[in-house]
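**Q** Sequence and predicted model, in that order:
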Amino acid sequence: MVRLKDIARAAGVSVMTVSKALRDKPDLSAATKDRIRKLAEQMGYVPDVSAQNLRSGNTRILGLVLSTSTNPVNARICMAIEEQAYELGFDVLLAHTLNRTDREETVLRRFLSRRVDGLFISPVYRLEPSAPIYEELARRDVPVVLLGHRAPFCQMFPAVETDDVNAAESVTRHLLELGHKRIAFFAGPMISPWAQERLEGYRRAHRNAGLTADDTLIFNAGSTIEEGSAAALQFLQEQPGATAIQCVNDLVTIGAGDTLLNQGVRIPHDLSLAGYGNVLTSEYFRVPLTTARQPKLRMGSVAMDLMQRRLRGEEVQSVRLRAELEIRASTGAPKPSSPS
């Protein structure tokens, strides 16, 4: 391994001069700094980042904790954070919780042992009002930015989240304005605040239209393609008389839509279908999906901005971003009723 004294010997200068040149100190001439840097590069010198971190007290490392990066929403948020971190000179360590609280605690403690400067966390939601690991992060005053809605156990940290109530309401209102009176809702895991908000948006659109949402039209559908497919099969079996289906996210919508189409249901002629998130696949699905455009890259960018302010010791507030309605081919007016 090439050391500073090896470069100093080759350059015929002191170790201090080499150190100053590599740190771009102003008390050396540009020519001297350029000569030493070129020599260091030719010799294959790599700075000892660990030693630099010990001197500065900062690691220039950020931890990013997600449920899974295969979720297309998480993937876009991750990309935005990493791109901005790169420009700012930070490295990002990634870990997955797989929506398990025990794994979440383990990866957070590992990041703490690595002395990360800050943490981005997509929380694993739970019913308990408190969680020891989050209380520990607060006691240590670790800069934390949540990626998603806050819950009682993590409410002490700022979050970047989507205004899911208004966005889901806009999707339901679109279906109502097309003439649909019976709209099924494929709901997400009710332990999650985002799923609760999207269901509330669906209900609120009905209330604002002077209607009552029929609970028999609400199906538990989880959050994955497979769960969306299972919910669609249940819907077909029960035949609840709905003319449209609104899904809690685009993955559920894709699973439901694929199953419906394979069963001979014509979308939107027989049944309108709408989702939430605007993942890339939704635009290129067999029938392009009407959905709410979740600002995924913007969420990552705002999260990084909040983290920079936290690292400077500033107090920050949570940010809620709008999701706009994106109308595509999967929704249309309900099929006219057959004459008696």
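**A** Received, thanks. Numbers count the residues shown, from 1 in each chain.
**Q** in the protein, what secondary structure element scores lowest on mean pLDDT?
**A** Here the helix or strand of the chain ranked lowest by mean pLDDT, DSSP states H and E is helix 49-56, holding a mean of 53.
**Q** Would you map out the domains in the chain?
**A** As assigned by automatic domain parsing, the chain contains the domains 4-47, 59-162+296-322, 164-294.
**Q** need the ones you listed in JSON lines with mean neighbour count, distance to Arg328 and mean pLDDT, can you?
**A** Using the backbone N, CA and C atoms, a C-beta is placed for each residue, glycine as well. As requested, the domains of the chain are exported to JSON lines (neighbours: other Cβ atoms under 10 Å; distance: least, Cβ to Cβ, whole Å; pLDDT from 0 to 100):
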{"stretch": "domain 4-47", "mean neighbour count": "14", "distance to Arg328": "51", "mean pLDDT": "86"}
{"stretch": "domain 59-162+296-322", "mean neighbour count": "18", "distance to Arg328": "17", "mean pLDDT": "96"}
{"stretch": "domain 164-294", "mean neighbour count": "20", "distance to Arg328": "4", "mean pLDDT": "97"}
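**Q** Switch the ones you listed over to TSV; also include distance to Pro336.
**A** Putting the domains of the chain into TSV (distance: least, Cβ to Cβ, whole Å) gives the following:
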stretch	distance to Pro336
domain 4-47	72
domain 59-162+296-322	35
domain 164-294	10
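**Q** nearest to Ser337, of these?
**A** Ser337 lies closest to domain 164-294 among the domains of the chain, at 9.8 Å (Cβ to Cβ).
**Q** Distance from the closest one to the middle of the chain?
**A** Computed by Cα atoms, centre = their mean, to the nearest Å, the chain-centroid distance of domain 164-294 equals 21 Å.
**Q** Can you give me the first-to-last residue distance of that domain?
**A** From its first residue to its last, domain 164-294 covers 9 Å (Cα to Cα, to the nearest Å).
**Q** who are the neighbours in contact with Ile267?
**A** Contact analysis of Ile267 by Cβ atoms under 8 Å, 6 or more residues apart in numbering lists Gly257, Leu260, Leu261, Leu273, Val287, Ser330.
**Q** Using the three-state scheme, assign the nearest residue to Ser229 once chain neighbours are set aside.
**A** Nearest-residue entry for Ser229: Gly255, 4.0 Å, with adjacent residues in sequence omitted and distances by Cβ to Cβ, 6 or more residues apart in numbering. Recorded secondary structure, Gly255: helix (DSSP: H, G, I helix; E, B strand; the rest coil).
**Q** Enumerate every residue touching Gly255.
**A** For Gly255, the contact set (Cβ under 8 Å, 6+ apart) comprises Thr224, Ile225, Glu226, Glu227, Gly228, Ser229, Ala230, Ala231, Ala232.
**Q** Against which helices or strands is the strand or helix carrying Tyr202 packed?
**A** For Tyr202, the host element (DSSP states H and E) is helix 193-208. Applying 3 or more Cβ pairs under 8 Å, 6 or more residues apart in numbering; DSSP states H and E, we find helix 193-208 packed against helix 164-178, strand 183-187.
**Q** could you give the angle of that helix to strand 183-187?
**A** For helix 193-208 against strand 183-187, the angle by axes from the mean of the first three to the mean of the last three Cα atoms, to 10 degrees is 160 degrees.
**Q** looking at the helices and strands packed on helix 193-208, which is closest to Val319?
**A** The nearest among these, by Cβ to Cβ, is helix 164-178 at 13.8 Å.
**Q** got the angle between the closest one and strand 183-187?
**A** Using the same axes, to 10 degrees: helix 164-178 against strand 183-187 is 160 degrees.
**Q** All further residue positions should be reported with the first residue as 28.
**A** Sure, I'll start counting at 28 from here, so that last one is helix 191-205.
**Q** elements contacting helix 191-205?
**A** Judged by 3+ Cβ pairs under 8 Å, 6+ apart, helix 191-205 is in contact with strand 210-214, helix 220-235, strand 271-274, strand 299-301, strand 318-320, strand 351-353.
**Q** what about 10 Å?
**A** strand 210-214, helix 220-235, strand 271-274, strand 299-301, strand 318-320, strand 346-348, strand 351-353 (3 or more Cβ pairs under 10 Å, 6 or more residues apart in numbering; DSSP states H and E).
**Q** For the first one, which strands pair with it and how are they oriented?
**A** Partner strands and pairing direction for strand 210-214 (DSSP bridges) are strand 245-247 (parallel), strand 271-274 (parallel).
**Q** CSV please, covering those strands and showing distance to Asn101.
**A** Listed next are the strands paired with strand 210-214 as CSV, based on distance: least, Cβ to Cβ, whole Å:
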stretch, distance to Asn101
strand 245-247, 22
strand 271-274, 18
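**Q** Contact partners for Leu263?
**A** Neighbour list for Leu263: Thr286, Leu287, Gln290, Gly291, Val292, Leu298 [criterion: Cβ atoms under 10 Å, 6 or more residues apart in numbering].
**Q** oh sorry, the question was meant for Ile34
**A** By Cβ under 10 Å, 6+ apart, the contact list for Ile34 reads 40, 42, 44-46, 48-49, 63-64, 66-67, 69-70, 72.
**Q** so which of the helices and strands packed on helix 191-205 comes closest to Phe180?
**A** Once those are compared by Cβ to Cβ, helix 220-235 is nearest, at 11.3 Å.
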